[in-house]
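1. Turn this into a model:
(chains A, B, C and D)
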Protein chains: 2
Amino acid sequence: MKHVAESTVRRLSLYLRFLEDFESKGLATISSDELAARGGTTSAQVRKDLSLFGSFGKRGLGYSVPQLAARLRAILGLGREWRVVIIGAGKIGSALAQYHGFAQRGFRVVGVYDSDPAKIGQTLDGIRIRSVEAIDADGASLTPDIAVITVPAEAAQRAVDRALRAGVHGVLNFAPVHLQVPPTVALKTVNMAMELEGLAFALVNRSDVAIESAGGAD
Amino acid sequence: MKHVAESTVRRLSLYLRFLEDFESKGLATISSDELAARGGTTSAQVRKDLSLFGSFGKRGLGYSVPQLAARLRAILGLGREWRVVIIGAGKIGSALAQYHGFAQRGFRVVGVYDSDPAKIGQTLDGIRIRSVEAIDADGASLTPDIAVITVPAEAAQRAVDRALRAGVHGVLNFAPVHLQVPPTVALKTVNMAMELEGLAFALVNRSDVAIESAGGAD
DNA sequence: ATAGCTTTGTGAAGAATTTCACAAAGGCCC
DNA sequence: GGGCCTTTGTGAAATTCTTCACAAAGCTAT
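-> Next up, the predicted model:
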């Protein structure tokens, strides 16, 4: 298949969210124009994005909401359960472990790890926090797909290395560092300091402020 | 000045982080190559990014670490204090309110708001949680620059509208919705579900997995 | 069944961003 | 000071992403 840009995937994910909204309201069809309006893009962009994967609409009518939603779920790989381990049970890690929105979308937290002896053994939303050293050994039984890294910057690379040994193929990194992973591993970094600095930049260079969304490279 | 791409700003922010690292290690100079290696880019990209703002290096030698760091801080608008209000004192909001990394970089939390009567009046890191309804009135005394939105999706637009009335010009949104703001306001959205779905997509389309970083459009 | 209105799907054009590649500059050593 | 090595700054080329614009389809009403 043709190469799919990261920005396209982000938008698909966004479209899916609106579709689910529409679905719950019982609407049957939606046009690329409506989808675009809610997503802050143009209808041409919506159609281009979708056209990468096939042709899902009906001319003159638009898209069937449930059908398109199902297609997007399939495209995004949401038809299965993704097993997630969270490494770092600090404020952010704990918040994520307890956030049920993930479970709803098929991301199931199967393990939480920390290095602080005071935290190890505590329970977070039904999951016992274990020592980071247990990750390697747990890999075989937990078979995690994705690791979420919420440890301090200094510990992040070690945490990822462990996660990779445990069989993880995707990493969502919240530590403010650029992590080294083999090219077969998908890595995304969310860096809140970077977002705030982006805002600061926009504010001091006020004139045609029109930034939108987060994302970028790390 | 020439238009600066968002991706450039993200990278500048990243470079600054490395520079601070180097600074603390006492290194005097750094080359675009070294900066690139740690940032996962190319040296040409680094030089291009910096060249938008001036010419800071010495040929044959590289960049003076403290000088370049100072320049980047000035460019990114980190020379002053940014006053931040957090709207939504749930898990994520509380975690952010207590995260001291922000204060270090000049982002000072001056107010925390929630709509839950059980939370109002409680103290978070020295700041009393107040009712969301107080935001409008507080604007004049708190003079916030930036609002961080950590309320549920349904409440997000209302929260932003309040924040704008309180005088905010930048918004960092954690709610999974596309917010409407006037074009003079800078908006960034961090959407964790979107990041996870991006990973899921990369994992099911495994072949040349080579995603990096978060960011994009919302 | 035809006319009229709407909306998709998509090549082609345009804009933005990244990479290339190299001349110009600076330091260092003999 | 001349040669040599390194690294910047930057036009030009290449690539990637977005927008344009329009023919092809489908529905509705008559």
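
2. Do me a favour and get the end-to-end distance for stretch A:21-31?
-> Terminal residues of stretch A:21-31 are spaced 14 Å apart (CA to CA, to the nearest Å).

3. hey, where'd the helices end up in chain A?
-> A:6-24, A:32-39, A:43-51, A:65-76, A:91-97, A:100-104, A:134-142, A:153-165, A:192-204 (DSSP state H).

4. anything in the longest one near DNA strand D?
-> So the one you mean is helix A:6-24. Yes. With CB under 7 Å from any atom of the strand as the criterion, DNA strand D is reached by helix A:6-24 at A:6-8. Where you see a C-beta, it was placed from the backbone N, CA and C, and this is true even at glycine.

5. which stretches of chain A have low pLDDT?
-> In the predicted model of chain A, residues A:207-218 satisfy pLDDT under 70.

6. Geometric centre of it: which residue is closest?
-> Central residue of chain A (CA atoms, centre = their mean): A:Leu172, 7.2 Å from the mean position.

7. how close does that residue sit to DNA strand C?
-> 21 Å (CB to the nearest atom of the strand, to the nearest Å).

8. who's that residue bridged to?
-> A:Val148, A:Lys188 (DSSP bridges).

9. Setting aside sequence neighbours, what's the nearest residue to A:Ala155?
-> Excluding its sequence neighbours, the residue lying closest to A:Ala155 (CB to CB, 6 or more residues apart in numbering or on different chains) is A:Ser115, at 7.1 Å.

10. what residues are up against that neighbour?
-> Listed by CB atoms under 8 Å, 6 or more residues apart in numbering or on different chains, the contact partners of A:Ser115 are A:131-132, A:151, A:155.

11. circling back to that earlier point, quick check, the residue nearest to the centre of chain A in contact with A:Asn191.
-> No. A:Leu172 is beyond contact range of A:Asn191, at 11.6 Å (criterion: CB atoms under 8 Å).

12. residues from chain A in reach of DNA strand D?
-> A:3, A:5-8, A:41-42, A:44-45, A:47-48, A:58-61.

13. Run a quick neighbour tally on A:Arg38.
-> A count of neighbours around A:Arg38, defined by other CB atoms under 10 Å in any protein chain shown, yields 18.

14. hmm, I was thinking of A:Arg83
-> A:Arg83 has 18 nearby residues by other CB under 10 Å.

15. In this structure it contacts A:Phe102, no?
-> No. Checked against CB under 8 Å, the pair A:Arg83 and A:Phe102 is beyond contact range at 11.5 Å.

16. Quick check: residues of chain A near DNA strand C?
-> Residues of chain A lying near DNA strand C (CB under 7 Å from any atom of the strand): A:31-33, A:43-44, A:47-48, A:50-51, A:55-63, A:217.

17. let's see it at 6 Å
-> Applying CB under 6 Å from any atom of the strand, we find that chain A lies next to DNA strand C at A:31-33, A:43-44, A:47-48, A:50-51, A:55-57, A:59-63.

18. Filter those down to the buried ones and hand me the PyMOL line.
-> Entered in PyMOL, the line below selects the buried ones among the residues of chain A next to DNA strand C, by 16 or more other CB atoms under 10 Å in any protein chain shown:
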select buried, chain A and resi 31+32+47+50+57+62+63
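
19. do you know how far the most far-flung residue of chain A relative to its centre is from A:Leu35?
-> Most distant residue from the mean C-alpha position of chain A: A:Gly60, 33.8 Å away (CA atoms, centre = their mean). Note on A:Gly60: its distance to A:Leu35, by CB to CB, to the nearest Å, is 16 Å.

20. Can you give the strand pairings for the single longest strand found in chain A, parallel or anti for each?
-> Taking DSSP state E as the criterion, chain A has its longest strand at strand A:107-114. Strand pairing for strand A:107-114, determined by DSSP bridges: strand A:82-87 (parallel), strand A:127-131 (parallel).

21. Could you check the angle the last one makes with helix A:134-142?
-> Using axes from the mean of the first three to the mean of the last three CA atoms, to 10 degrees, one finds that strand A:127-131 and helix A:134-142 are set 130 degrees apart in direction.

22. Same check on the longest one?
-> Counting by the same axes, to 10 degrees, strand A:82-87 points 160 degrees away from the direction of helix A:134-142.

23. what's in contact with strand A:82-87?
-> Counting by CB under 8 Å, 6+ apart, A:93, A:96-97, A:102, A:106-114, A:132, A:135, A:138, A:142-151, A:159, A:162-163, A:166, A:168, B:196, B:199-200, B:203 sit against strand A:82-87.

24. Give me the nearest residue to A:Ser43, chain neighbours excluded.
-> Per CB to CB, 6+ apart, closest to A:Ser43 is A:Ser32, 4.1 Å.

25. Contact partners for the one you found?
-> A:43-44, A:46-47, A:50, A:57, A:62-63.

26. I'd like to know which of the residues you listed is nearest to A:Leu19.
-> Using CB to CB, A:Tyr63 is the member of the contacts of A:Ser32 that sits closest to A:Leu19, with 8.4 Å.

27. For the residue lying closest to the closest one once chain neighbours are set aside, give its distance to A:Gly40.
-> Spatial nearest neighbour of A:Tyr63, excluding adjacent residues (CB to CB, 6+ apart): A:Gly57 at 4.5 Å. Distance, A:Gly57 to A:Gly40, using CB to CB: 20 Å.

28. List the buried residues for stretch A:146-164?
-> Buried, per 16+ other CB under 10 Å, within stretch A:146-164: A:146-151, A:155-157, A:159-160, A:162-164.

29. How far does that stretch sit from its chain's centre?
-> 16 Å (CA atoms, centre = their mean, to the nearest Å).

30. ok, now stretch A:123-143?
-> Taking mean C-alpha positions (CA atoms, centre = their mean), stretch A:123-143 and its chain are 21 Å apart.

31. got the buried residues for that stretch?
-> Applying 16+ other CB under 10 Å to stretch A:123-143 flags A:124, A:127, A:129-130, A:132, A:135, A:138-139, A:142 as buried.

32. same deal with stretch A:98-117?
-> A:98-99, A:102, A:105-107, A:109-115.

33. just these now: which is nearest A:Leu72?
-> For those, the nearest to A:Leu72 is A:Arg105 (11.9 Å; CB to CB).

34. mind listing what that closest one touches?
-> A:Arg105 touches A:78, B:193, B:196-197, counting by CB under 8 Å, 6+ apart.

35. Recalculate using a threshold of 6 Å.
-> Taking CB atoms under 6 Å, 6 or more residues apart in numbering or on different chains, we find A:Arg105 in contact with B:Ala193.

36. Perfect, that will be all.
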